[in-house]
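K.L.:
Predicted model and sequence follow; I will ask about them next.
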Amino acid sequence: MGRPQSLAPNPYKEVPFMEMCKAGKIQYLKPRLGAQGAVAGFTTRHEGVSRPPYNSLNLGSNTLDSSHNVEGNRSLLARSVGATLDHFLTVTQVHGTDLLVIDAPNSELSHFLKLECDGIVTNQPGICIAVCIADCVPVLLHDPVQRVVAALHAGWQGTAANIAGKGVEAMVTLFGCDKKDILAAIGPSISGCCYEVDRPVRDAFKKAGMAWDLVAKEHAEGKWMLDLAAANRLLLSDAGLSASQVQGTEFCVSCNQELFFSYRRDGGDTGRQVGFIMLEEQQ
Ligand SMILES: [Zn+2]
């Protein structure tokens, strides 16, 4: 693996960046919350069967890639992490903050695929929950004490609407989690080096009361470079998680074409990587 082009100094300080590793044939970034009873990661585009421009581990069904290829890729990932394809669960992401909560055994999950929401929270083992990403920020949460996990999709709209904080609150209010026990991982997204935004994005962040100047730099009249991962780090801090509970990555998906899909870089016609997490069955 080559050195990432956009190697940023680690803003997390208290926690090292997550490591690249392999499960079966799948190469993925492994956060430390993928331990203590959970399997978790952020996939790369390596392996899989999809042809260009979806080459090759395209896990997103909302692309023009063949559904057979996507299903084959999902099956490969599911097998590699010890899940089954019918328990690999994504939803229809719409840049909102609604969450799907699964708090009881459910053998039939396929009807959730069309559900419009941007995160999944569950205390059920054996369900590999995932969010599809090609620039936006994937956020994973894990409480190893109450045994609850969450996968959240945060583009600029979901970030401005604080889906990260809502994920934490759902774990606390619905499952009795203690914020001190929740570990978070912010996966690879388009970084401040490559993510130019304009006034409507800034206005949405300011309207939401976010510290815009801490997460964006103006580089031309009415144009800013926005660090979405940093914004989500702030939201997790506001939600009550300390810096030592949050892990991140140095990778910008746009700068690292060999490893990641990027919607902006590839002009919209590209695949999707995922952030996934699954509670393991207790021994
Ligand atoms: Zn970049």
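P.N.:
Alright, I've got the coordinates.
K.L.:
just the CA coordinates of stretch 77-87, formatted as PDB?
P.N.:
Below are the C-alpha coordinates for stretch 77-87, written out as PDB (Å, rounded to 0.1, in the frame of the first residue of the first chain):
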ATOM      1  CA  LEU A  77     -17.600  -8.600   2.400                       C
ATOM      2  CA  ALA A  78     -20.200 -10.400   4.500                       C
ATOM      3  CA  ARG A  79     -18.400 -13.700   4.200                       C
ATOM      4  CA  SER A  80     -15.000 -12.000   5.000                       C
ATOM      5  CA  VAL A  81     -16.400 -10.500   8.300                       C
ATOM      6  CA  GLY A  82     -18.400 -13.500   9.400                       C
ATOM      7  CA  ALA A  83     -21.800 -12.300   8.400                       C
ATOM      8  CA  THR A  84     -24.400 -13.600   6.000                       C
ATOM      9  CA  LEU A  85     -25.600 -11.700   2.900                       C
ATOM     10  CA  ASP A  86     -29.200 -11.600   4.200                       C
ATOM     11  CA  HIS A  87     -27.900 -10.000   7.400                       C
END
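K.L.:
you'd agree residue 271 is up against residue 52?
P.N.:
No: under the criterion of CB atoms under 8 Å, residue 271 is not in contact with residue 52, lying 9.7 Å apart. In short, each C-beta sits where N, CA and C put it, glycine included.
K.L.:
Those two: which is more packed in?
P.N.:
Counting neighbours by other CB atoms under 10 Å for residue 271 and for residue 52 shows that residue 271 has the greater number, 28 against 9.
K.L.:
Assign the more buried one to helix, strand or coil.
P.N.:
Of the three states, residue 271 takes coil according to DSSP: H, G, I helix; E, B strand; the rest coil.
K.L.:
repeat for the one 3 residues further on
P.N.:
When states are read from three-state DSSP, the local structure at residue 274 comes out as strand.
K.L.:
who are the neighbours in contact with residue 21?
P.N.:
When the contact criterion is CB atoms under 8 Å, 6 or more residues apart in numbering, the partners of residue 21 are 27-30, 41.
K.L.:
Pretty sure it sits in a strand.
P.N.:
Yes: Residue 21: assigned to a strand according to three-state DSSP.
K.L.:
and it, what pLDDT?
P.N.:
Residue 21 is assigned a pLDDT of 94 by the prediction.
K.L.:
Begin at 40 from now on, thanks
P.N.:
New numbering, starting at 40: the last item is residue 60.
K.L.:
How much space separates it from residue 123?
P.N.:
The gap separating residue 60 from residue 123 is 22 Å, by CB to CB, to the nearest Å.
K.L.:
cool, and residue 313?
P.N.:
16 Å.
K.L.:
More neighbours: the two, which one.
P.N.:
The residue with more neighbours, out of residue 313 and residue 123 and counting by other CB under 10 Å, is residue 313; that gives 26 against 12.
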